[in-house]
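Trainee: Please find the sequence and the predicted model below.
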Amino acid sequence: MAIVHRALFSTLLVVSSLCHAADEVEPAAVQALTHMGSYLRSLTQFEVEARSQTDQVLENGQSVEFRHHTRLLAELPDKLMVTVDTQGKRRSLYYDGHTFTVYQSPGAYYASTPAPTTITQLIDQLHERYGIELPLADLFRWDANTARQVGLQSALLIGSDTLDGQRCDHYALRQADIDWQVWLRQGEQPLPCRLVISRRDIPEQPRHSVDFTWQLNPAIEASRFEFVPPHGAQNVPLQWAPSARTSQARP
């Protein structure tokens, strides 16, 4: 019984320590995020596989989980291919430096449009003009200054875990309406191993989590970024988002 009491007391000490630190922004935690951003921006090519779970809140307030399997291949600054598998369907996105194409299979239609000259410009254009959020876009947005720009209210190191054979440091962070956790690979390649985001601006506090598997020296062929339409598939216009059409209509 004494051993149990000592174990419980030790656990309470750990919880108390974390609670005490919950409103602190630890410089080392911010530095770890900065280091991650700098390293991501140094990559010239990579392939990443992401397995994610996302809560969606129904009208009756019940949360339903959806699973996605995303594969992303990038060759900076102007080559990208993404596939997202969910609910028995696959959505594919291709960017070869000149054209962006989206196709959902099985299907008889695809949409292609002229694209800007870099992946980061493409991400902005898709969001602003078409209302499309590129999967895993934050891997391209995060840079050395992002950690200081997002308005962190707290940031602390929780500990370390082994995820998929990689030793990772576990950080907990908080913004105005969002709590998030990130596990960063230890060593000279501080890549994200796992990410968990919790919404606090919704009563149900839905969560999104994703586990990453990285390949930094993938076999890359130019044909992987080029879309070849299936036999009989038709090219249809990519529809502008209503907000973008309104903005264009203004004098």
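Mentor: Sure, I can see it.

Trainee: In terms of helix, strand or coil, where does residue 218 fall?
Mentor: coil (DSSP: H, G, I helix; E, B strand; the rest coil).

Trainee: my guess is it meets residue 47, correct?
Mentor: Yes: between residue 218 and residue 47 there is a contact at 3.9 Å, judged by Cβ atoms under 8 Å. The way it works is simple: take the backbone N, C-alpha and C, and place the C-beta from them, glycine included.

Trainee: And the contacts of stretch 99-112?
Mentor: 89-95, 113-115, 122, 126, 132, 227, 229-230, 232-238 (Cβ atoms under 8 Å, 6 or more residues apart in numbering).

Trainee: rerun at 7 Å
Mentor: Residues from elsewhere that reach stretch 99-112 (Cβ atoms under 7 Å, 6 or more residues apart in numbering): 89-94, 113-115, 122, 227, 229, 232-238.

Trainee: can you map out the strands along the stretch 1-150 of the chain?
Mentor: Shown for the stretch 1-150 of the chain, the strands assigned by DSSP state E, counting those that start in this stretch span residues 45-57, 63-75, 79-86, 89-95, 99-105, 109-114.

Trainee: picking that back up, give me the common contacts of residue 218 and residue 47.
Mentor: Residues touching both residue 218 and residue 47 (Cβ under 7 Å, 6+ apart): residue 73.

Trainee: Which one's more surrounded, the two?
Mentor: Between residue 218 and residue 47, counted using other Cβ atoms under 10 Å, the more crowded position is residue 47 (19 against 14).

Trainee: in the sheet, who's paired with the more buried one?
Mentor: Partner residues in beta bridges with residue 47, using DSSP bridges, are residue 73, residue 215.

Trainee: do residue 92 as well
Mentor: residue 83, residue 103.

Trainee: my read: it touches residue 73, true?
Mentor: No: if you go by Cβ atoms under 7 Å, residue 92 and residue 73 don't touch, sitting 11.4 Å apart.

Trainee: got any residues that touch both of the two?
Mentor: Joint contacts of residue 92 and residue 73 (Cβ under 7 Å, 6+ apart) do not exist.

Trainee: What about residue 128, how many residues nearby?
Mentor: 14.

Trainee: For stretch 227-238, which residues meet the burial criterion?
Mentor: 227, 238 (16 or more other Cβ atoms under 10 Å).

Trainee: Likewise for stretch 32-44?
Mentor: For stretch 32-44, a neighbour-count test (16+ other Cβ under 10 Å) marks 32, 33, 34, 36, 37, 39, 40, 43 as buried.

Trainee: residue ranges with poor pLDDT in the stretch 1-150 of the chain?
Mentor: Within the stretch 1-150 of the chain, the stretches with pLDDT under 70 are 1-22.

Trainee: Swap in 90 and give it another go.
Mentor: For the stretch 1-150 of the chain, applying pLDDT under 90 flags the ranges 1-23, 57, 59-63, 87-88, 106-107, 143-150.

Trainee: do the stretch 151-251 of the chain as well
Mentor: 151, 201-206, 219, 241-251.

Trainee: where exactly do the helices run in it?
Mentor: 242-249 (DSSP state H, counting those that start in this stretch).

Trainee: Between the two ends of stretch 132-141, how far is it?
Mentor: Using Cα to Cα, to the nearest Å, one end of stretch 132-141 lies 15 Å from the other.

Trainee: Go ahead and name everything in contact with stretch 72-92.
Mentor: Contacts for stretch 72-92 (Cβ under 7 Å, 6+ apart): 43-48, 66-71, 93-97, 103-105, 117-119, 135-136, 218, 220, 224-225.

Trainee: Filter those residues down to the buried ones.
Mentor: 43, 46-48, 68, 70-71, 93-97, 103, 118-119, 135-136, 220, 224-225.

Trainee: The most centrally placed residue in the chain and residue 107, how far apart?
Mentor: With distances taken as Cα atoms, centre = their mean, the residue of the chain nearest its centroid is residue 136 (3.7 Å). Taking Cβ to Cβ, to the nearest Å as the measure, residue 136 falls 22 Å from residue 107.
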